[in-house]
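In: missing the sequence, but the structure's below:
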């Protein structure tokens, strides 16, 4: 894996990726971190983080697709050129010989090497988007657990959407219930 692409330090995963001349750098560990004290903040920021990582991944996929097309076009052009040259020289050339010549061509190799680097970036960004998707699932579960712990039961539609506002209400009521329980315990002493 490219050293400049992913760096790990003190358990943090820092991703730096250059896409079409623009450098993006972000700490994936921070984007995936969830603490009980900051759950509301995480719930509110999660959609923006998911959008950021997905946008990068989609941009990078576009770069990879363009390189694949360039590589295929170069292959076809070289195939035509090598066959034309062989015909002009009066030589018979097999498909395997043409393919070997193309694979040894410096321009083709350069495109292929670039494609491999760009695919690596795409794979890292796919892993980041998968991590953010996993965070979303975790947040939905945490929200459901918080609601059930404080006695709030929300009717869910078949395809309910995750709502930071609903979670804020759950957390607020949970804090109110916790405060009331502490006051009761203090009075009963």
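Out: Thanks, I have the structure now. Just so you know, these numbers come straight off a predicted model, no measurement behind them. Residues are numbered from 1 along each chain as shown.
In: could you list the low-pLDDT ranges of this protein?
Out: For the chain, residues meeting the criterion pLDDT under 70 lie at 1-4, 151-186, 189.
In: quick one, strands of it?
Out: 6-9, 12-19, 22-27 (DSSP state E).
In: identify the residues contacting the shortest one?
Out: Where contact means C-beta atoms under 8 Å, 6 or more residues apart in numbering, the residues beyond strand 6-9 that reach it are 13-16, 124. For glycine as for every other residue, the C-beta is placed from the backbone atoms N, C-alpha and C.
In: among the residues you listed, who's most crowded?
Out: residue 15 (22 neighbours; other C-beta atoms under 10 Å).
In: mind checking how far that one is from residue 29?
Out: 10 Å (C-beta to C-beta, to the nearest Å).
In: report the longest helix in this structure, please.
Out: helix 39-88 (DSSP state H).
In: now it: how far from the chain's centre is it?
Out: 15 Å (C-alpha atoms, centre = their mean, to the nearest Å).
In: quick one: contacts for the most centrally placed residue in the chain?
Out: The residue lying closest to the centre of the chain (C-alpha atoms, centre = their mean) is residue 129, at 2.5 Å. For residue 129, the contact set (C-beta under 8 Å, 6+ apart) comprises 50, 53-54, 57.
In: at 10 Å what do you get?
Out: Residue 129 makes contacts with 50, 52-58, as judged by C-beta atoms under 10 Å, 6 or more residues apart in numbering.
In: and of those residues, the nearest to residue 133?
Out: Closest approach to residue 133 among those (C-beta to C-beta): residue 50, at 7.3 Å.
In: burial of the spatially closest residue to that closest one that is not a sequence neighbour, as a residue count?
Out: Leaving aside its sequence neighbours, residue 50 sits nearest to residue 132 (C-beta to C-beta, 6 or more residues apart in numbering; 4.7 Å). If you count neighbours by other C-beta under 10 Å, residue 132 ends up with 21.
In: do I have it right that residue 132 meets residue 52?
Out: Yes - in terms of C-beta atoms under 10 Å, residue 132 counts as a neighbour of residue 52; the distance is 8.6 Å.
In: give me the common contacts of the two.
Out: In contact with both residue 132 and residue 52: residue 31, using C-beta under 10 Å, 6+ apart.
In: picking up where we left off before, now for the residue nearest to residue 50: which residues touch it?
Out: Neighbours of residue 132 in contact, by C-beta under 10 Å, 6+ apart: 28, 31-32, 46-47, 49-54, 57.
In: same thing with residue 112?
Out: 67, 71, 74-75, 103, 105.
In: mind putting those residues in TSV, distance to residue 150 included?
Out: Shown next, in TSV, are the contacts of residue 112 (distance: C-beta to C-beta, whole Å):
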residue	distance to residue 150
67	52
71	57
74	62
75	62
103	64
105	67
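In: and the buried ones among these, selectable in ChimeraX?
Out: The ChimeraX selection below is limited to those of the contacts of residue 112 classed as buried (16 or more other C-beta atoms under 10 Å):
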select :67,74,75,105
